Every structure is written in structure tokens, then in C-alpha cells.
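A.B. asks: Pasted the sequence and its predicted model underneath.
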Amino acid sequence: MTAGRWDEPAHEALRVRAGTRLADLDPGSTPGWDKSRETGEQRLVDQGERLSELQERLFADGRSGGTRSVLLVLQGLDTAGKGGIVRHVIGMVDPQGVALRSFGVPTPEEREHDYLWRIRKALPGPGKIGVFDRSHYEDVLVVRVEELVPRAVWETRYDEINAFEAEVAAAGTTIVKVALVVSQDEQKERLRERLERPEKYWKYNPGDLDVRAKWPAYLEAYQAVLDRTSTDLAPWYLVPADRKWYARLAVTELLREALDGLELGWPAADFDVEAEKRRLDSMP
Ligand code: ADP
């Protein structure tokens, strides 16, 4: 069965454009998708299969001397569903071809270096899909809101990040940046669930409420990220995340479109296929 189609490609429907206001986005909306949740879930399965095939092509290309890779950058406030995207979207492809990295509070070793040091080390090699669960954007989000460095320092980072990402793109990496947007109400529900279910306590961190208390400051910091770092080479996509099924479908679609855009075939044989068939046939 073929599941429904998008009204327009996800990269059009979700792309951050000049003037996009985060505050105007309804986190419960489903841009580009006017069909049911059930149809969306079918489409996720369909697209997952396609994604998996494209990922294998990318991997094969990398094994055959290709230099391309894809980097998915995931940002979002607590409970926005970054972990769910990793499990349910990235989980649909062969783990061999994925380079997943989560970025938490910098370690003492990381602190001895520039903020991009740990990021550079984690970039996906040829043929890989890299996934950043949080990223260098924390250095203009939490760092800005919590004033962990002076304004003069974080102010210069937007341009530095653009230059860095341009360099990464020039080396063959397609960058897809996703901001998952959860509403304050939905976040409250999700945090409450973590407090009510013992199997979710491990996900709860009392510090999450301190972050939640600074919602307007985070909104402002996210807006600055969108205004200043959404470039043609490394665009941001805003994904409403109150409906988990939609967010997962949207990110799958964005990744699939990015991989399709590489127009990868299968690598040609670097051996004589007919001769190898004859050799095999001649064997017992
Ligand atoms: P998560 O909340 O994503 O499940 P953690 O509990 O490990 O994962 O939280 C990661 C924490 O690390 C977040 O609070 C985030 O703000 C913080 N963090 C990430 N990068 C930086 C950074 N460069 N400087 C300070 N804090 C950071």
C-alpha cells in the first residue's frame, strides 16, 4: 500500500526563511501533511525502507572512494523528542552506517579546547550519516542564556559557525539542521510523566525545571540561531514536535530528501563480473 503524500516536500514546508518567527509556530501543527496520523505512520514505514536503501547506497559510495556524508543536527528543548528521533528515525537504518554523538556539558578535556574542537572530531566520515544529539549550537543557546561566557564571546560564534559549516559542506557533507519545537503545555505533560512513572525517573533532571523557567530567554536564543545561522549550505528546519508521529515522519522525510538529493547510484564493479561468474560456476 502506498501511504499519502506530502503537499510539498518537507524541506520546503519546514525550511526557516528570512522572517520566520519561532513564536508564531504552532507546535501542534503538521505543516505539509494534512492526512491522518494513521496514514502518517504508514508513510513513516514506507519512507523508512527508502531511507534505509539510500543509506546503504551512501555507505557503498563511501566504501568505493566517495567523499559524501550527511549530518543531521538535532536541537530542541528538554522533552522535545531528540531521543525519540534517534530511536525511531535513525533506528530504521543500518547502525553500521551511522555515527551518533550526543553533546553534554563539556568535559575538562573539551574545555581546554575551542568549542568546535569536539564537534570537528565527531563529524561523519565518508559514507556515514552523522547524527548530533545537541551540537555546537549549545554554545550559543545554553551558553548565551546562562551567560557562561561574556556576550562578546558568544556574539562572534554565529559567524564562526557559518564559516565552519560552509567548510564542512565543501568537504562533501550535506547538513540538515532540525529544531524540534515543543509547546510549554506539552513539555509540562512530558515532564509530569517522567515524575509519575518510575521507569522514566532516569530521564528526569531537576535542572530541567530551571531551564523551563527561562523559556522566553531560550526562545530568544533559538530565534537568534534561526536568524543568523540558517544558510543555503546549512539550512534550519523547524519541526513542530507536540505530535511525536509527525516529528518523526518529518525528520525521516528531510533525511530521505537530503539523501535523494545526492543522486547516488550503486558503485560499479571493480572486477570482471562475467569472469567471476565463470569462476564461481567452475567451482564445486
Ligand atoms: P539530554 O538532556 O539531551 O538528555 P544530558 O542530560 O546529558 O542530555 O544533558 C545535556 C546537557 O548538557 C544539557 O543541559 C545541555 O544544555 C548541556 N550542554 C551541552 N552542550 C553544552 C555546552 N557547550 N556548554 C554547557 N552546557 C552544555
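C.D. replies: Sure, I can see it.
A.B. asks: Could you verify my assumption that G4 touches T39?
C.D. replies: Yes. With contact defined as Cβ atoms under 8 Å, G4 reaches T39; the gap is 4.4 Å. To be clear about C-beta, it is placed using only N, CA and C from the backbone, and glycine gets the same treatment.
A.B. asks: residue contacts, the residue of the stretch 151-284 of the chain at minimum distance from the ligand?
C.D. replies: Taking Cβ to the nearest ligand atom, the ligand has its nearest neighbour within the stretch 151-284 of the chain at N205, 5.7 Å off. Counting by Cβ atoms under 8 Å, 6 or more residues apart in numbering, N205 makes contact with D78.
A.B. asks: Leaving out chain neighbours, which residue sits closest to E257?
C.D. replies: If the residues on either side of it in the chain are set aside, E257 comes closest to H11, at 5.2 Å by Cβ to Cβ, 6 or more residues apart in numbering.
A.B. asks: Does that neighbour belong to a helix, a strand or coil?
C.D. replies: helix (DSSP: H, G, I helix; E, B strand; the rest coil).
A.B. asks: pretty sure it contacts L238?
C.D. replies: No. At 11.7 Å, H11 does not count as touching L238 under the criterion of Cβ under 8 Å.
A.B. asks: ok, the closest residue to Q42 other than its chain neighbours - contacts?
C.D. replies: Excluding its sequence neighbours, the residue lying closest to Q42 (Cβ to Cβ, 6+ apart) is A3, at 3.7 Å. With contacts defined as Cβ under 8 Å, 6+ apart, A3 is in contact with 39-40, 42-43, 45-46.
A.B. asks: Only the buried subset of these, as a ChimeraX command please.
C.D. replies: To isolate the buried ones among these in ChimeraX, judged by 16 or more other Cβ atoms under 10 Å, type:
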select :39,40,42,43
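A.B. asks: how much space between D272 and P284?
C.D. replies: Taking Cβ to Cβ, to the nearest Å as the measure, D272 falls 22 Å from P284.
A.B. asks: So the two - more neighbours on which side?
C.D. replies: Per other Cβ atoms under 10 Å, whichever of D272 and P284 has more neighbours is D272, with 10 against 2.
A.B. asks: Only the buried residues of stretch 64-74, if you could.
C.D. replies: 66, 68-74.
A.B. asks: circling back to that earlier point, so which of the contacts of A3 is the closest to the ligand?
C.D. replies: Nearest to the ligand among these, with distances taken as Cβ to the nearest ligand atom, is G40, at 25.4 Å.
A.B. asks: was I right about that closest one contacting W245?
C.D. replies: Yes. Using Cβ under 8 Å, G40 is in contact with W245, at 5.5 Å.
A.B. asks: Figure out the helix or strand that the closest residue to E12 other than its chain neighbours lives in.
C.D. replies: Nearest in space to E12, with sequence neighbours left out and distances taken as Cβ to Cβ, 6+ apart, is G32 at 7.5 Å. Assigned by DSSP states H and E, G32 belongs to no helix or strand.
A.B. asks: Next up, the contacts around G32.
C.D. replies: Counted by Cβ under 8 Å, 6+ apart, G32 has contacts 6-10, 12-14, 250.
A.B. asks: what do you get if the cut-off is 10 Å, keeping everything else the same?
C.D. replies: G32 makes contact with 5-14, 246, 249-250, 253, according to Cβ atoms under 10 Å, 6 or more residues apart in numbering.
A.B. asks: Can you say which of the residues you listed are buried?
C.D. replies: 6, 9-11, 13-14, 246, 249-250, 253.
A.B. asks: now those residues in CSV, with pLDDT and distance to S230?
C.D. replies: CSV is the format used below for these (pLDDT from 0 to 100; distance: Cβ to Cβ, whole Å):
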residue, pLDDT, distance to S230
W6, 94, 21
P9, 96, 17
A10, 98, 15
H11, 98, 12
A13, 97, 15
L14, 98, 11
Y246, 98, 21
L249, 98, 22
A250, 98, 17
E253, 98, 18
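A.B. asks: Neighbours of G97, how many?
C.D. replies: 21.
A.B. asks: Make 213 the starting number, not 1.
C.D. replies: Got it, first residue is 213 now, which makes that one G309.
A.B. asks: Looking at it now. What's its pLDDT?
C.D. replies: pLDDT, G309: 97.
A.B. asks: Could you do A215 as well?
C.D. replies: A215 is given a pLDDT of 76.
A.B. asks: same question, E358
C.D. replies: For E358, pLDDT reads 97.
A.B. asks: got a list of what it touches?
C.D. replies: 422-423, 426, 429, 433.
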